[in-house]
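Student: Fold the following, please.
(3 chains)
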Amino acid sequence: MDTLLLSALNGLSYSLLLLLLVSGLTLIFSLLGVLNFAHGSFYMLGAYLAWQSGQWLGFWGGLLLAPPGVALLASGFEIAVLRRLRAQGHLPELLATFAFGVVLVEAARLVWGSAAVPYAIPAALQGSLLRLGGLDFAVYRGFVMAVALAALGLSWLLLRFSRVGLIVQAALTHPGMVAALGHDVAAVQTVVFAAGAALAGLAGAVGAPLLVTEPDMAASMGALLFAVLLIGGLGSLRGAVVGALVVGELQTLAVAVNGSLADVLLRLGWAAPAAWPARDGLIPSLLHLDVARAAALLPYVLLLVVLLLRPQGLTRALGGDEAL
Amino acid sequence: MTHTAKALRPGSGLGFATLVLLPLALPLHAAAFSLLSQLAAAWLLLLSLGLLSTRSGLLSFGQALFAGLGAYAAAHAMNAIAAHGWPLPFALVPLYAAVFAAAVALAVGPLCVRHGGLNFAMTTLSLGVLVALLAPMLQGFFGGEGGVATDRTAGPAWLGLDLLSQRQVYGVSAAYVLLGAALLYRFDASRLGLLARAVRDNPLRAACSGMAPRRVRLGVLLLSAALAGLSGGVQTLHVEQASAGGLGLQQSSLALLFSLAAGSGTVWGALLAAVMMVGSQVWLATVSRAWMLDVALVFLAVVLWAPQGVSQALHDWALRLRASGQPDLWWGLAALLLCAALAAGGAGSLIELLYALRQQLHGGGMLQLYGLELRPDSADVWVGAALFTVTAGGLAAVVGRRLSRQLRHVEVPR
Amino acid sequence: MYSSRRRFLSSLAAGLAVCALPARARELPLVKLAFIDPLTGPFAAVGQNQLQSWQFVADRVNRGNTAGVKFEIVPFDNKGAVQDTINAFQAAVDQGIRYVLQGDGSGAALALSRAVSRHNARHPGKEIVYLNYAAVDPALTGSDCSFWHFALQPSVPMTLQAMTDDIRDRPDIRRVYLIEQDYSFGHQVAKYAREMLALKRPDIQIVGEDFVALGQVKDFSPYIAKVQAARADCIITANWGPDLTLLIKAAQQSGLKADLYTFYASSLGAPSEIGPHDAGRVKLVYYSNPNLPGVLQSLQKGFRDKYKQDFSVPVTYTGLALLTAAMTKAHSIEPLKVAQAMEGLTFHTFNGEVTLRAADHQLLQPIYLSTWQPVSKANPYDVENTGYTFALDRTYPADKTTLPAQCTMQRPLTTEVYPVKPPKITASKVPGSD
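Tutor: Numbering: from 1, shown residues only, chains lettered A, B, ... in the order given. The predicted model follows:
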């Protein structure tokens, strides 16, 4: 029981890291309409910037400098490239963000090399926060959770109650009117893109000591982010929360399940064939696949189920042009 | 996205066929035929992606799934034929791969095509990633980490083909390329082709007129998957190995992006995309460590200056030039392309210098570029390369601007 | 008197003739070795380090070797993918290279082995020899074994023999947990570990077995939780790459007390991720140890001075030692003759006298058990500047770890095995003496 609780807590810290990443992605999509394929690269860049500035200014300096650094780079890209493509439609923007993502990864390889850099948990944050079932819940994981909650809380407050936030909310649904009222919608779009990138950079800066800081971390996060985004529902922050929590806890708690679909069928009274048509046949292999082994696949299975049954995601209402 | 993307004008169909069949008459080295076979497989894959995106407005992030499964099916079929001694020629195995891939599309298609646009893209993405992740775990069909190996010479002789030489393999691949082109013709002229474009442009109106958008999209997806399966089958014939590495998201998205960048909805566009894709992954990757960066920068350049795809941009330029009635402007276009190529070469050299500099800091040596030995840490080399790039780029910009100004008022007859 | 002057003159003539020979042999035959491994993409760091290792060792060996040859390493980038491996192999063949080196990835290794066999069958007289220096899959020396493939890294059962021997001798270990990667290699490790432990210590319980999808898992804490819930005393893992480093980091963060027996804790970057923690808990079972005396120390120092990275692939030295020894024995650089000379060859390398078993072309070499400890006088090599090292605990000679070969390979038929040895010129053979 204690171990399960510890796993759930660990899953929560993982979910909150995912949430930090996906919230930026959903923010960018809701205002700009573009799926940011460079988001994983922003995450990676945040980690590298944090480590590099950490070499000169210590861990906290690195943490403070990384998100603005990523935001600066992202706004530069938005002004130079994305703005010019806005009239062309979403497809060229998608292509541009993908290309930019690759450029960032290759640039990181050039500057820091292909090997991982030793971005470690600082001494002040090492150690255990609680002890459950004989294992520690690391202080740093608690720190990650705190940072994620703080950043998201701040973003939500800004969106709801600040002037810029109100303009952004209005621009989400009525960009034409907002422009007619004299606000610079293009600047708002740049700010939102930069903010989304900053959130990703913060996720990288704060999460990388738990993981491995290497150029490949961008690609390894890529597909998972889109799964979380779509499970929750595109374009809503609430959807991002739901999606991240569901995927994070699912991946973590599924590892504890040692049974397979065949075991469930056995309980219901039907012995699934162990060999059809051959010993390694596709159907028996899938039926006898342990849920624990399939833990990494479950987000995508869930995505397929969600797309089948509720294509708008778990929290959003269906848009008018998406019915067909 | 073009509104009237015709596969080909009738005259250039013959030109395309000639170009495809020409290498068979030339005394080329085996390595050249090997490259051409790879081009053929890439062409089929990129055409399938272009078909889906231009005729149906659907972006598929899982096309490598159909191609990969087709490759596996072909490998298993070839092994089974060789083991049982059935009189089925290996040259026809790609057709089986196409049918297999279409069957897979029939099974998963209804899930994908329920809604268009982003939904379709994400469904195909998740399917592709799922199968790619499952492949190392399911040993039976996917043959474990090493994949499934096969021997293309182990089949029965047919029409004198034993498929030993690369020339014969390319001959078979070329036949499938022509088959793919013929299928595209027939599709565009058929009812399904017209319906597909109607559904792409306005699904609501199409539904109200009585055509079921899902059925139409499924039809296009089946054809596209069949072409992708052909691609996988041809590739298996060539490399004699089917592996799970080709199933992943990286492969799928790269193929999609080449397809969009070059505009592979036509046979010539698909050829350009295939040349770009194979050229960068097979040739550029052997010549330079910076190939991924080069590819990404080329994508950025294409998206900025030819957002509808390179082949479409060239097509538009050509139409406008012909309509302007001024033959001198063709020299302008040639000058523009030349300067752009030189600027690209200059930028590439700068990147190479950058990589060589990093290499040198870690025990590497001199840089070999275009036959010249260069020292990455000497300022002269850097300044020279930078000046070259800037000059060529500037010239390209100037020529481009003059040309656009000349053609601004030209009406293109449709 | 007349005979002694004549004898003197003929010896002088013979001596001059012998001295004249090296002048004609000044041009050393060049042997090109194609290196096919990832140089770009997600595995680029390891591949680049391996390429540098081969180049470094080749430079050393080119200064002088018994075979009198020069080696040149020609790199080909396979981006870690099987299809590109086949392409790279084709490109190497087109360049006329007759020796191929590969090691990153058992998938690529299997595909390459089959491609090499196919090529050699179709083009007799233009055979290619494939030296597999790091990829481990039982099929390579078992069901898919080939005459042209040579395995330089210990096989899974060999490493596990050493590992389970150590576990057998530790009475404090009674519960073992297996965490492997979910593909054929990981499953083989689990299978052999179970069998060997059941044989050597029937009282040991395998309290859990988990397979993780390759490179997908970011958070290993649920697996650590399972290990703790099962009260395991040690974990056996053959994970490599982030699957290993993330597992170790998760164990550190959770404060897990179990020992970790690994295959790949010394691979590039892993020691830095382990960091100056976990003293005495992370164990490495490997064919090398950075504190081995002898030529390894000078290789490590030279490599670090030149490339600022650790020399983590010492098998490269073994590979070139094997090739030079075989070429010396065969008096030829022809792949077929060299391959025949390599079978059953015993030669000297950084970890002692090793033998290449003829039955399955598996190199039989000592295996070392090491523990991650702070640097000390007995074990002074500082791994990746962490202040820690792999302290050498036990050495398992080859005869303790090898299992019978399980390979029936078809050997090429030749009438002549080695060329006739040229006669040695000695004074007593000169006509007219005695």
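Student: B:A244: what's it in contact with?
Tutor: B:68, B:132, B:135-136, B:142, B:145, B:147, C:107 (Cβ atoms under 8 Å, 6 or more residues apart in numbering or on different chains). For every residue, glycine as well, the C-beta is placed using N, CA and C.
Student: Repeat the analysis, applying 6 Å as the threshold.
Tutor: B:135, B:142 (Cβ atoms under 6 Å, 6 or more residues apart in numbering or on different chains).
Student: Which of the helices or strands spans residue 165?
Tutor: Using chain A here. Element membership for A:G165 (DSSP states H and E) is helix A:163-173.
Student: if you could check chain C rather than the one you did, that'd help
Tutor: When elements are assigned from DSSP H and E, C:D165 belongs to helix C:156-168.
Student: The following helix or strand past that helix: partners in the sheet, and parallel or antiparallel?
Tutor: The C-terminal neighbour of helix C:156-168 among helices and strands, as given by DSSP H and E, is strand C:175-181. Strand C:175-181 has the following sheet partners, assigned by DSSP bridges: strand C:205-212 (parallel), strand C:234-237 (parallel).
Student: Could you list the low-pLDDT ranges of chain B?
Tutor: The model of chain B has pLDDT under 70 over residues B:1-11, B:362-365, B:412-414.
Student: Can you show me the strands along it?
Tutor: For chain B, applying DSSP state E gives strands covering B:148-149, B:241-242, B:367-369, B:372-374.
Student: Contacts made by the first one with the rest, please.
Tutor: It stands for strand B:148-149. The contact list for strand B:148-149 (Cβ under 6 Å, 6+ apart) reads B:75, B:241-242, C:114.
Student: got a winner among the residues you listed for most neighbours?
Tutor: Using other Cβ atoms under 10 Å in any protein chain shown as the neighbour criterion, B:A242 leads these with 31 neighbours.
Student: partner residues bridging it?
Tutor: With DSSP bridges as the rule, B:A242 is bridged to B:V148.
Student: For the one residue in chain B that gets nearest to chain C, which non-adjacent residue is closest in space?
Tutor: Nearest to chain C in chain B, going by Cβ to the nearest Cβ, is B:G146, at a distance of 3.0 Å. Among residues not flanking B:G146 along the chain, C:L110 sits closest, at 3.0 Å (Cβ to Cβ, 6 or more residues apart in numbering or on different chains).
Student: what about B:L118, neighbour count?
Tutor: 16.
Student: Confirm C:L101 sits in a strand?
Tutor: Yes. Counting by DSSP: H, G, I helix; E, B strand; the rest coil, C:L101 falls inside a strand.
Student: Wait, a strand at the residue nearest to B:G146?
Tutor: No. Secondary structure of C:L110 (three-state DSSP): helix, not part of a strand.
Student: so, in contact with chain C or not, the longest helix along chain A?
Tutor: The longest helix of chain A (DSSP state H) is helix A:39-77. No. Residues of helix A:39-77 are not located near chain C by Cβ under 6 Å from any Cβ of the partner chain, the shortest gap being 11.8 Å.
Student: which of the residues in that helix are buried?
Tutor: By neighbour count with 16 or more other Cβ atoms under 10 Å in any protein chain shown, helix A:39-77 contains the buried residues A:39-54, A:59, A:62-67, A:69-71, A:73-75, A:77.
Student: care to break chain C down by domain?
Tutor: Following automatic domain parsing, chain C resolves into domains at C:30-154+C:294-364, C:157-286+C:366-401.
Student: Any chance of JSON lines for those, columns distance to B:P307 and mean pLDDT?
Tutor: Formatted as JSON lines, the domains of chain C follow (distance: least, Cβ to Cβ, whole Å; pLDDT from 0 to 100):
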{"stretch": "domain C:30-154+C:294-364", "distance to B:P307": "28", "mean pLDDT": "93"}
{"stretch": "domain C:157-286+C:366-401", "distance to B:P307": "35", "mean pLDDT": "93"}
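Student: Dump the ones you listed to JSON lines, plus distance to C:R411.
Tutor: Listed next are those as JSON lines, based on distance: least, Cβ to Cβ, whole Å:
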{"stretch": "domain C:30-154+C:294-364", "distance to C:R411": "5"}
{"stretch": "domain C:157-286+C:366-401", "distance to C:R411": "23"}
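Student: What does C:T386 show for phi and psi?
Tutor: Per-residue torsions, C:T386: phi -100, psi -10 (degrees, to the nearest 10).
Student: That one contacts C:I274, doesn't it?
Tutor: No. Between C:T386 and C:I274 there is no contact under Cβ atoms under 6 Å: 7.5 Å.
Student: The residue lying closest to A:A295 once chain neighbours are set aside: neighbouring residues, count only.
Tutor: What sits nearest to A:A295 in space, not counting adjacent residues and going by Cβ to Cβ, 6+ apart, is A:A254, at 4.2 Å. A:A254: 20 surrounding residues under other Cβ under 10 Å.
Student: Which residue would be the closest one in chain C to chain B?
Tutor: C:L110 (3.0 Å).
Student: thinking that residue is in contact with B:G144, fair?
Tutor: No. The pair C:L110 / B:G144 is not scored as a contact, 8.1 Å apart, by Cβ under 6 Å.
Student: what is in contact with these two at once?
Tutor: Common neighbours of C:L110 and B:G144 (Cβ under 6 Å, 6+ apart) do not exist.
Student: more crowded one of the two?
Tutor: Applying other Cβ under 10 Å to C:L110 and B:G144 shows that C:L110 carries more neighbours, namely 28 against 24.
Student: How about the contacts made by B:A198?
Tutor: B:A206 are the contacts of B:A198 under Cβ under 6 Å, 6+ apart.
Student: Quick check: it vs C:V176, distance?
Tutor: 64 Å (Cβ to Cβ, to the nearest Å).
Student: Repeat that for A:A120.
Tutor: According to Cβ to Cβ, A:A120 stands 29 Å off from C:V176.
Student: ok, these two, which is more surrounded?
Tutor: With neighbours defined as other Cβ under 10 Å, A:A120 and C:V176 compare such that C:V176 has more, 26 against 21.
Student: pretty sure the more buried one is in contact with C:I206, am I right?
Tutor: Yes. Using Cβ under 6 Å, C:V176 makes contact with C:I206 at a distance of 5.4 Å.
Student: what number of residues lie near the residue lying closest to B:L321 once chain neighbours are set aside?
Tutor: Spatial nearest neighbour of B:L321, chain neighbours left out: B:L329 (5.3 Å); criterion: Cβ to Cβ, 6+ apart. Neighbour count of B:L329, defined by other Cβ under 10 Å: 19.
Student: Next, count neighbours for residue 284.
Tutor: Using chain A here. Per other Cβ under 10 Å, the neighbour tally for A:P284 reads 19.
Student: wait, I meant chain B there
Tutor: 17.
Student: how about it, what does it touch?
Tutor: By Cβ under 6 Å, 6+ apart, the contact set of B:L284 is B:W291.
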